[in-house]
Structures are given as C-alpha cells and as structure tokens.
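> here's a sequence, model it:
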Amino acid sequence: MTFSRWEYDSCSEKHREEDTVVVRPFDRLSFLPSSVEQLFGWIHESFRQLVNRKYGREVWLKILELSRFEEGTESEISHYYNDDETLRLVNAMANVIGIPIEEVWEAYGGFLIQFTMETGWDELLRAMAIDLEGFLDSLDSLHYFIDHVVYQTKLRGPSFRCEPQPDGTLLLHYYSKRSGLYPIVKGVVREVARRIYDTEVVMKVQERKQEHLDAFVTEHVVFVIVQVKTSNTASAKAITSKISELPMAAITAGIGMFDISAEDFCLAYPYHICFDKDLLIEHVGAHIRRSYPQCQRQETRVSDIFELIHPEMPLSYESILAFKNSLFVFKMKGSGDVVHEGNDAAEGKPVHVKGSMTLVDGGKYLLYLCSVNVTTVRELIERKLHISDMQRHDGTRDLIMLNQSRMSQVELNRTLEETMKNMKKMAAELEIEKQKTDTLLCELMPPSVAESLRQGKVADACEFTDCTLLFTDIVTFTNICAECTPYDVVTLLNDLYLRFDRLHEVYKVETIGDAYMIVGGVPDPCDNHAERVLNVSIGMLMEGEGHESKLVGPTTTCLHPAVTTSKLVHSPITHKPIKMRIGVHCGPVVAGVVGMKMPRYCLFGDSVNVANKMEACGVPCKIHVSEPAKKNGSATNTSFVFSTRGLTEIKGKGLMFTYFLDRNDRRSVWELCSRPRSSEQTIDGYMELHDLGIYGEIEDTPQGSIKMKKNGKKKREPTAMEDWLNRQRDSRGNRNEQRNHEMLHRACSNEGTNSRVYPKHF
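Just a heads-up that it's a prediction; the model follows:
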C-alpha cells in the first residue's frame, strides 16, 4: 500500500488528541499552495501531523534534520515559508520514507481535508455545495475570501473550473502558477468525495500543458473525474447534478412577458455592466455611470474603465465563458470614489468591485452583477465610501460591521501568538541564564550544598573526620605588592590561579591574596583524598608546556622545554619565575555555609591551622607534607616518594616530623598536568620539576656545568642531571633510615608542648 493510499480513519484517537492544534477561525483554509513566493505554515503543520500519525515522531525528527529545520520552527501556522523551504521539506520526506515526491503531494492533499475537518471546519465544508462539481467551483471564492478579506494577504491561488460531461463524468481544469503540484488536487478531490459526498472517484490526468497568459506562465492540467460504482453507489450523491436539471423554458412556462425599462434596471442594480461579445458596453448601473459620465453605449469597452484582477486570465469573451462559475474582481480605472463627487476624489485608493457573470439573451450579452469589494470600515474611509452607498440587501453591509469586530479579534490572536513566541524565546534565554547562575553558584560552593540552598533548605554544618588540606603562597609576595602597581599584581595572581584551577580533582575552597586553598574529601568523602591532593600539588609545581618557554625581560632562556606552572608565571619586578611554597596536612574539620548575603563555604578546625603552618614553614619550590598526609597518601598509593625533612619547628605546634614530596612513580608529571610531552623532555618529567637553575643568573661552562654568582664569587655547582641523580640516591638512603626517624618522632611527640592552638578558618 503506497503512501498516497493511507487509510486516515485508522489513525488512533490518541495521536489525534496529541497532535491536533487549536486553530482560530479562517486560519489558513487554503487547500492548495498559492502561486506567490510564500506558502502558508498550514502546509508544514499538515506534513508534521501526517508523518507523526503514520510513522511517529522519530521519523519526523529525521526529516527535520535532513531538511535543515530546527524543531519547533518548521510548522508555525502564522509563518510564511518560501518555496525553497517547503520543497526542501517535501524532498526530505520522500528520501526518508522512500516514496516519490508526487505521492507525498497527493498524500498531503488527502490528509489536509481530514485535518481541516478535524479542526472545526467540518460543517463549513459540507455546506459548500450540493455536489462535487459545485464544491470545486466554489473553491475560488473561498480562497479569495480567506486571502483577501480575512487576512488580506493578496495571494494568487490556483483556479478551477468544471465541465460536466453527458456520461456523468467531470472534466476538471486546474490552473496554477506553480508547476508540478497537481498531485495535490488528486488527493483533495478524492478525500472530499469520500468524506463529504460518500462516494469514491478515480482521477486521471487527461492533458497537461503550459499556457502563456499575459505576463504569466500557467500550468494547465485537465483531470477526468469518474465516479466509482460500488455497493453504496445507490445511496451516494452524484458528482454533478446539472445534467439532470430542468430546462429554463420549463420553469418559466406560463409566466409571459415581464417588461422592465433600462432606467429601472440601472436603478435596481446600481453596480452592474452589460456588454456584448466584443466587450462593448450596452448599459451600466447608476453608481458606475456617476463615476464614468463619459461612458457611451457601443463605444466604450469594458477594458476602458475596468481592469481584471481575478481570475488571472486575458479579458476576453471566451475566457469569461470558460471561468463563468468563478468570482470576478475588477479594479475601476482612474476612480477613487464611485459615488461621491469632488476634486479630492482622486486622492483615495482605487475601488475594487466583485461579482459574477451571467449569460443573457441566448449568450449575445454578458451581465456582470457586482458590489463594492470592501470588508472593513478602514477600507471604506480610504475609498471615501459609506455604508449607505451599498444596496440594503447587499450582504457586504453586514460583513463590514461584523468584520470590524472580527479583525480586532484576529489582530489580538496575532498579538498573542507573537507574545507566546517571545515568551518561549525569553524562557529559553532564562533557562540559559539559570544554567549560568547554577554554574556560578557551584563554583562558589559545592554542588550538593548549592542545590540545598536553591531549594530553600538550610545547609547544616557537617563534621568530616578525615580530609586533606593544601595551602600555597608566593615567596616575597609582599615585596612584589610594594614595588608593583595593583594592576600588575592582579594580572600575576589571575594568571597563576587560572593555571591552578585547571588541575583540580578536589574542591577549591577559596583564595585570599596569594594564598590558595584546596581540600580533598570535603564535601564528598572519599578514601583517596590525600592521593588526589598530592597529585594536584605536583601539578601546581609543574604544568608542562609542549614548546620551549622563554623568560620575559633581560633573562636567559629556560633550561628545559617545559617549565613548571609557577615557573610559567613571572614576577613583574625581576621578570623571573615566581617561587611557590606548598603545605599539605590531613585531619578532621567542620564545614558549613557562613552568611546569608554572599554566603561562603568555610572550613573550621585545628587541621586548617596546621595545613597553613605547613605552608608557612615550608621551603620554596618544595611540597611540604605532614606525617598524617604522608601516611594517608601512601595508604592508597605506595608509589609516592618522599624525602625526609625531619623535625621541624611549626609555629604554635612545636616540633613536627615532616617530609617533602618528590615524585609519584605511578604517574608522570605530564599525565598529572594533562599535557603532551615533547621529544626533548624526560619521560616522567620529574627532572624538569625539580630544576632550580632558572631562578638564578646562570652561564654555561665548557663542561656543561653551572656557575652561580654569589657574593661576587663563583662556585662549582653540579649540573641539573647530577643534582637529580644525587637526590634519587639520597631518597633511597632515606628509606633505610626511616625507622630511626620514626623512633625519634615518637619520642618527641610524647613530650608534648605547652602551646595552645586556636582553630582557624579560611
């Protein structure tokens, strides 16, 4: 079963309820595409409903992707889509579903009737005509009313005319400025016959050609419509009833002659023109005569005072006969006011009249009965007309008064639609801003705490029995602040902290001046919090670059192609890399949110104080680690290598046994920094990490060693490679002596101190 033979009645009611949109009156009831550069959004909405009901939303999303439409913008009812957009959508449907484009258009025509009747137009369509022929002849008038009266879009829709045949079939002539859309007609006619007239028809294309009408090229397609004989044919309505109509002579028999003078006729029908086959005027109505006093019988032609607007065809007797069932609209030439006289009449807009053509006197003459084509009070004012200028029985009077109220409702609906679109856009923008706000809030405090505050809950303080804290600061930062501008200090800290922020596997608590604090195991407890912090500390000392870095200023080139993070940041005074101190300690803390305005997530406890003192009592370019931090780090990663510093005087705590973190044999520096390694760099990167040569004035000796200038004297120093090897040798020796140090540490810890330590928070 092909696409065009879908049984639309089998669509589930669930899909109908989900997909059916609410349509305001007269909302795009054009069954066929208009022949201008834009198409109604109703066509796209019909396509969407059609695919969703038959194949589901996933297929429709594939079609949108192929046709380069963003979901939600492809079927706006009040939007005008150009031809390229609509054809792009149709081609995508044909490719995704796997059917010819002609069948897509035919299915659209059939489904459009179903969808239109589901959305409140069922009664109107059934009241259009008594048979299929009358329905098709009425489509022109319906299109014109919707396009020109309701929405005033001035679109040029297709035209239809039917020719009943003696055998009961119909010849349907279809005219359109677009080529290739005639399959829509087949779907529309077949569905109208089935749903409204309870019959089945078969349509065949008898002829298809291109015609040149004035400046337009029009596609003319002739269809043969045959009613299918079925078991229900006896109860079905005939597609045409004009063949069986009684002749007019039988209707008027016995009435006799009924004479009416030309003057009475012109007064009874003030808007009419009677003309012959040569378009020479025989007589006109009183109002038209008043507008054209120079009009002479059998001298003035219809084309001298009227310009044909609709239907689009050459103005000739033969063309009028072909379209005699259509609505005819003319523009009155050189006339701004049909009724009223005055010099300012020409300032008004041109007047249009609309009406129908009737054959009189055996076809010798054509009588055009018309009325002024205005629909709103504004149009009356612009053309300097009044309601009293229209005949009392003319329905245009009521239309103007009703349409005045209706147009305000239509305008209100349009305003509401625009408001809804703006609200959707604002909602999307608000969601983006909300995400930015949430991201910023999560930067200020942990996500779990931020979520509690966002829900209006109180974030209670929590105690963490074990966590790892890290502090850093810049050596000689006070001197830098004293000798540099505030702008230079801000630039220095921003450059350094941006590099630190990239390395985090833990929570950044805050920064105060040159102090940078992070914590592991808070607010989300974990077993390897010490390992994470120690890895970050290595990355803070070294974030490798993949290219050779040169110092800014009057210094020399760095020794190694990759330098540490702190070595990448230069002092604005000396133009040399800054030196960092890092301290790490493990212990219990209490964490909570402090304050209502600009709340902060703070840590409290003696462990915070100890970690700060570990940094303050540390050595530049070293990672100073306490005994608990070393123990916790080694518990989850035995590949950490520490060098013993020994007993260290910690202000406020007395003597503490501390260490320096040298390396992590499990992971290289480049891995910890997420940086690629160049061919000139060592495999693990720890030789570059501990190179201190770039901090002094250096010069190379022929042997490759380094001479340091100190107090005016030159001293032989080992090369960087020799220094690194010596430290590795010392590290292995320290392991053998660890027992002795631990015994000494236990002895010192048993002595105790008299110092009193106060909790400190950051």
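
> and the top helix by length along the chain, what does it pack against?
Longest helix of the chain, by residue count under DSSP state H: helix 396-444. On a contact count with 3 or more CB pairs under 8 Å, 6 or more residues apart in numbering; DSSP states H and E, helix 396-444 meets helix 377-382, helix 447-454. (Each C-beta comes from the backbone N, C-alpha and C, glycine too.)

> which positions in the shortest one come out as buried?
Within helix 377-382, the residues scored as buried using 16 or more other CB atoms under 10 Å are 379-380.

> got the CA positions of it in CSV?
What follows is helix 377-382, C-alpha atoms only, in CSV (Å, rounded to 0.1, in the frame of the first residue of the first chain):
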residue,chain,number,x,y,z
VAL,A,377,-14.5,50.4,8.0
ARG,A,378,-10.9,51.4,7.3
GLU,A,379,-11.3,50.5,3.6
LEU,A,380,-14.5,52.5,3.4
ILE,A,381,-12.8,55.6,4.8
GLU,A,382,-9.7,55.1,2.5
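
> give the next helix or strand downstream of the lengthiest strand in the chain.
Across the chain, the longest stretch assigned as strand under DSSP state E is strand 580-594. Beyond strand 580-594 on the C-terminal side, the first helix or strand identified by DSSP states H and E is strand 600-604.

> any idea which helix or strand comes after that following strand?
Sequence order places helix 606-616 as the next helix or strand after strand 600-604, per DSSP H and E.

> distance from the chain centre to that next one, please.
Distance, stretch centre to chain centre, for helix 606-616: 51 Å (CA atoms, centre = their mean, to the nearest Å).

> partner strands of the helix or strand following it and their direction?
Remark: after helix 606-616, the chain's next helix or strand is strand 622-626, criterion DSSP H and E. According to DSSP bridges, strand 622-626 forms sheet pairs with strand 580-594 (parallel), strand 654-664 (antiparallel).

> include mean pLDDT, mean neighbour count and distance to residue 304 when you put these into JSON lines, please.
Output for the strands paired with strand 622-626, formatted as JSON lines (pLDDT from 0 to 100; neighbours: other CB atoms under 10 Å; distance: least, CB to CB, whole Å):
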{"stretch": "strand 580-594", "mean pLDDT": "90", "mean neighbour count": "22", "distance to residue 304": "89"}
{"stretch": "strand 654-664", "mean pLDDT": "91", "mean neighbour count": "21", "distance to residue 304": "100"}
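
> make CSV from those strands and add distance to residue 316 to it.
Listed next are those as CSV, based on distance: least, CB to CB, whole Å:
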stretch, distance to residue 316
strand 580-594, 88
strand 654-664, 96
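
> of the ones you listed, which is nearest residue 79?
Among the strands paired with strand 622-626, strand 580-594 comes nearest to residue 79, with 48.8 Å by CB to CB.

> what angle separates the closest one from helix 606-616?
160 degrees (axes from the mean of the first three to the mean of the last three CA atoms, to 10 degrees).

> how far does strand 580-594 sit from the chain's center?
Here strand 580-594 shows a centroid-to-chain-centroid distance of 45 Å under the convention CA atoms, centre = their mean.

> one more: stretch 572-584?
48 Å.

> repeat for stretch 44-58
On CA atoms, centre = their mean, the centre of stretch 44-58 falls 20 Å from the chain's centre.

> ok, back up a step: of the helices and strands packed on helix 396-444, which is nearest residue 91?
That would be helix 377-382 among the helices and strands packed on helix 396-444, by CB to CB, at 40.8 Å.

> what comes into contact with the closest one?
348-349, 374, 386-387, 400, 404 (CB atoms under 8 Å, 6 or more residues apart in numbering).

> mind doing that once more with 6 Å?
With contact meaning CB atoms under 6 Å, 6 or more residues apart in numbering, helix 377-382 is reached by 349, 374, 404.

> and those residues as TSV, adding pLDDT and neighbour count?
TSV is the format used below for the contacts of helix 377-382 (pLDDT from 0 to 100; neighbours: other CB atoms under 10 Å):
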residue	pLDDT	neighbour count
349	81	11
374	84	25
404	72	14
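
> distance to residue 528 added to those, as TSV?
Below are the contacts of helix 377-382 laid out as TSV (distance: CB to CB, whole Å):
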residue	distance to residue 528
349	83
374	83
404	77
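
> quick one: the helices in the stretch 151-300 of the chain, in order.
183-195, 248-252, 262-268, 286-291 (DSSP state H, counting those that start in this stretch).

> closest to residue 230 out of these?
For residue 230, the closest of those is helix 183-195, at 11.1 Å, according to CB to CB.
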